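Colleague: predicted model and sequence follow; I will ask about them next.
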Amino acid sequence: MKFTDDLSRIFTEEESKILVLGVPLGKHGRESVKRLRKISNYVEPFDIEKQKNLFYNIRIKDIGDVKLKNLSKKIKQIISNKKIPLILGGGHLLSLYSFQSFQNTKLIVFDAHADLKQEFDDEKIRNLDYIKGKKFNKKINDATWLRRVFDNKTPEVMIIGLRSCEENEFEFMKKNKIKYFTPNKMKNIKKEIEKFTKNSKIYISLDLDVFDPGIAPGVDQAEPNGINFKQFSEIINSIKGKIVGVDVNCLKPLKDNEITEFLAIRSLFEIIGKISEHAGVA
Ligand SMILES: [Mn+2]
């Protein structure tokens, strides 16, 4: 099943503005991508509060899966065709290769974690970033990807929902002027988002563990005191700039429920709704 199957069938790649691709990175990767595609067909794109279809102005096409090693090249190709990639993950490491393909673009990361470690290794990370036949790299993985972004450049970054971070990650954030909001201090976030995004190109990376584990149980590293969907939606709708790339990552599909998948898809639909406001057709 494709992402929003009906739409993916109607439009060609050339006609579409948003191109959806799966990056089935890690041990849960294949199942995650499959579930996200499936659930995208069960979520209603009409928003009763906005009284409009979130896809009203946008054409979407699922172009299938891409391997991590081919991701940068694929993203560059999509950007050069003036289209917007929307990536279904897979481990958070995919964001490194995706975001690196963009120029002059600010990064908004929704994540409970800073992912700014110099190096890291544990069993969970190994599962998330598992690539068959490839030796695990403690410098390039889910807990270090954002640090690696800063190896080559110093982009403007905002981390939203942050609540788990080491002291040296915190020092790194201060040194590199990374903005952040913890779930307890989001009072002025709308104004800050407006300021941060105004006249800018924005890449959004959504790690599902940003949400409270009560509403997003299907993650590997469930941190208490996460954000809710209403907060997420308000933040997305405060964005003033142009969203040029999106990824969702770190789903751990559960056997007995699909709560996290539904939340992930509704969150993506919210972002698509925002994109469609400024996109124009195709
Ligand atoms: Mn995380």
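Modeller: Everything's here; your move.

Colleague: for the stretch 1-150 of the chain, which residues are neighbours of the ion?
Modeller: 111, 113 (Cβ under 5 Å from the ion). No exception for glycine: its C-beta is placed from N, CA and C like everyone else's.

Colleague: okay, strands next: where are they in the stretch 1-150 of the chain?
Modeller: 18-23, 46-47, 52-53, 60-65, 84-89, 105-110 (DSSP state E, counting those that start in this stretch).

Colleague: now those in a markdown table, with mean neighbour count?
Modeller: Below are the strands of the stretch 1-150 of the chain laid out as a markdown table (neighbours: other Cβ atoms under 10 Å):
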| stretch | mean neighbour count |
| --- | --- |
| strand 18-23 | 25 |
| strand 46-47 | 14 |
| strand 52-53 | 15 |
| strand 60-65 | 20 |
| strand 84-89 | 26 |
| strand 105-110 | 23 |
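
Colleague: next, the buried residues of the longest helix seen in the chain.
Modeller: Secondary structure assigned by DSSP state H gives helix 259-279 as the longest helix of the chain. Counting neighbours by 16 or more other Cβ atoms under 10 Å, one finds that the buried residues in helix 259-279 are 260-277, 279.

Colleague: what does stretch 36-49 give?
Modeller: 36, 37, 38, 39, 40, 43, 45, 47.

Colleague: which one of the residues you listed sits closest to the ion?
Modeller: The closest of the buried residues of stretch 36-49 to the ion turns out to be residue 36 (Cβ to the ion; 16.9 Å).

Colleague: which residue does the stretch 51-200 of the chain have closest to the ion?
Modeller: residue 113 (3.7 Å).

Colleague: what is the neighbour count of the residue nearest to that residue when sequence neighbours are not counted?
Modeller: Nearest residue to residue 113 in three dimensions, chain neighbours excluded: residue 164, at 5.0 Å (Cβ to Cβ, 6 or more residues apart in numbering). Other residues near residue 164 come to 16 when the count uses other Cβ atoms under 10 Å.

Colleague: okay, residue 164 and residue 183: tell me how far apart.
Modeller: Remark: distance between residue 164 and residue 183 (Cβ to Cβ, to the nearest Å) = 11 Å.

Colleague: could I get the full set of helices for the stretch 51-200 of the chain?
Modeller: All helices of the stretch 51-200 of the chain, identified by DSSP state H, counting those that start in this stretch, fall at 68-80, 94-99, 123-128, 145-152, 167-175, 189-197.

Colleague: fine by me, we can end here.
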